[in-house]
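> compute the structure for the input listed below.
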Amino acid sequence: MQGLKKNAFQFYLLVLVNAFVGAMIGLERSVLSGLGKEVFFLNEYTVILSFILAFGLTKALANLAVAKLILLKTRKQVLILGWIAALPVPFLLMYASSWWWVIAANIFLGINQGLAWSSTVIMKIDLVGNKNRGLAMGINEFAGYVAVGLAALLASNIASNFGYQYFPFLPGIFFAAAGLLISLLLVKDTSHFVLQETQTTTNKLFSDLWKQVSWKHHNMGTVSINGLVNNMNDAMVWGVLPLLLIQRGFSTVEIGWIAAVYPATWGFAQLFTGKMGDHVCKKQLITVGMVIQGLAIFLMIFLYSFPGMLLAAALLGIGTALVYPNFLTVMAENLHPSQRAVGLSLFRFWRDSGYVVGAILAGLLADSIGITGTLLFIGALTIAAGLLAQIRMCCTLKLLWRTNFCADLAAY
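Below you'll find the predicted structure:
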């Protein structure tokens, strides 16, 4: 039987597992750009950001692989494969003798994030059913991104005391081992819930699912575009922002706090924004969220103080929190249960392709027009994506006395 309360133990086990998934990537967010600049003496932004390119490309392809694997293996098996891929990551980073070791670590990390995060999302949606799906996604993303923020803060504090090499990545051994053991011993598969839901759904089956998710469907296609732009600006924050802060004389600990406040705010706020999506029009949340993100990126150009940058990072986190769980629930509510796992994986492929686009674009722009120009361009593109959502998306739930007239168009 589906439902959050009925499956609370398994649901919160998956929340814990997703926290470890987030912690794995959090270890990198505040220190890896500094490692490239201060330890390996890399100067070109395109080279420094190559680790994000490797991560994003691998994660996007891993998400695409989930669309195939989920038809051949159980959800639990895909989750376990994701954690096996995580095991080499901390050791490659700890013992890195060249930047190529960092690239290799991020290839394994991309596989881990693509398989493990995707499978936990799919399994939670299986467990909760239609009711409270937004709340469930909010809790899921809360756990993942608060863990990102806390791990980023932990790594920066370790780096400030012991340097960028070896020690900041030691906690990754525990994160990977704990995630694998919990997934192996305690998590149960959820595939049987899909069979139950299929008997009562009114959602249509798509013969051209790839086209619908990628661009054709008014809601799903627009969410895929916005997801790509969202992760494109996240790649910029991950790779370029620490370098900007180093230029402005911020300490390693201050950079760590700024790098942590963004995903931590993003994570905590999703406890509320995910639930909001169960009650109000999701396209409004997505539009407002993308516009707030763009404005926060603009603020980073003009704020030079530590409190000011913390404020901008928090605003960016709030904007991202408004969109992230609602991306997932828009996809889930428009997909037939039997196609949901594949459809969500296709969406996550496009969304995480944003890391690839962001790494390449941010590196090229930063090398040619500087970091300030890069922030201006990416902030403007983020706002434009939000406006596209306002124009193209349709509400699919009853709002007070009426339903949005274009709701039916969203199915085509």
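> any regions of the stretch 151-300 of the chain where pLDDT drops low?
Within the stretch 151-300 of the chain, no stretch has pLDDT under 70.
> quick one: the helices in it?
Applying DSSP state H, counting those that start in this stretch to the stretch 151-300 of the chain gives helices spanning 171-185, 191-198, 209-211, 218-239, 241-247, 252-276, 282-302.
> reformat those as a markdown table; add mean neighbour count and distance to Ala54.
Placement of C-beta: from N, CA and C, glycine included. Shown next, in a markdown table, are the helices of the stretch 151-300 of the chain (neighbours: other Cβ atoms under 10 Å; distance: least, Cβ to Cβ, whole Å):
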| stretch | mean neighbour count | distance to Ala54 |
| --- | --- | --- |
| helix 171-185 | 18 | 17 |
| helix 191-198 | 15 | 32 |
| helix 209-211 | 15 | 25 |
| helix 218-239 | 25 | 12 |
| helix 241-247 | 20 | 18 |
| helix 252-276 | 24 | 20 |
| helix 282-302 | 22 | 24 |
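> now the ones you listed in a markdown table, with distance to Lys73?
Below are those laid out as a markdown table (distance: least, Cβ to Cβ, whole Å):
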| stretch | distance to Lys73 |
| --- | --- |
| helix 171-185 | 13 |
| helix 191-198 | 10 |
| helix 209-211 | 19 |
| helix 218-239 | 25 |
| helix 241-247 | 38 |
| helix 252-276 | 28 |
| helix 282-302 | 31 |
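> looking at those helices, which is nearest to Gln10?
helix 191-198 (10.4 Å; Cβ to Cβ).
> and the helices of the stretch 151-300 of the chain: which comes nearest Ser97?
Nearest of the helices of the stretch 151-300 of the chain (Cβ to Cβ): helix 171-185, 17.8 Å.
> same for that closest one, what does it pack against?
Under the contact definition 3 or more Cβ pairs under 8 Å, 6 or more residues apart in numbering; DSSP states H and E, helix 171-185 sits against helix 8-29, helix 75-86, helix 89-94, helix 133-162.
> residues of the longest one that come out buried?
Residues of helix 133-162 classed as buried: 133-160 (neighbour count, 16 or more other Cβ atoms under 10 Å).
> ok, the first one next?
Along helix 8-29, these residues count as buried under the neighbour rule (16+ other Cβ under 10 Å): 10-11, 13-29.
> how about residues contacting stretch 213-227?
The contact list for stretch 213-227 (Cβ atoms under 8 Å, 6 or more residues apart in numbering) reads 208, 212, 283, 286, 290, 323, 327, 330-331, 334-335, 343, 346-348, 350-351, 354, 385-386, 388-389, 392-394, 396, 406, 409-412.
> same thing with stretch 250-262?
Stretch 250-262 has contacts (Cβ under 8 Å, 6+ apart) with 29-31, 34, 149-150, 152-153, 155-157, 159-160, 237, 241-242, 245-246, 306, 309-310, 313-314, 316-317, 320.
> how about stretch 347-359?
49-50, 52-53, 55-57, 59-61, 63-64, 66-67, 114, 117-118, 121, 213-214, 220, 223-225, 227-236, 239, 327-328, 331, 378.
> how does it look with 7 Å?
49, 52-53, 55-57, 59-60, 63-64, 118, 213-214, 223-224, 227-236, 239, 331 (Cβ atoms under 7 Å, 6 or more residues apart in numbering).
> so how far is it off the chain centroid?
Taking Cα atoms, centre = their mean, to the nearest Å, one finds the center of stretch 347-359 at 10 Å from the center of the full chain.
> same question for stretch 274-282.
Mean C-alpha position of stretch 274-282 versus that of the full chain (Cα atoms, centre = their mean) differs by 19 Å.
> endpoint to endpoint, it covers what distance?
10 Å (Cα to Cα, to the nearest Å).
> which residues are in contact with stretch 291-298?
Contact with stretch 291-298 is made by 233, 312, 315-316, 318-320, 322, 375, 378-380, 382-383, 386, as judged by Cβ under 7 Å, 6+ apart.
> hmm, try it at 8 Å
230, 233, 236, 312-313, 315-316, 318-320, 322-323, 375-376, 378-383, 386-387.
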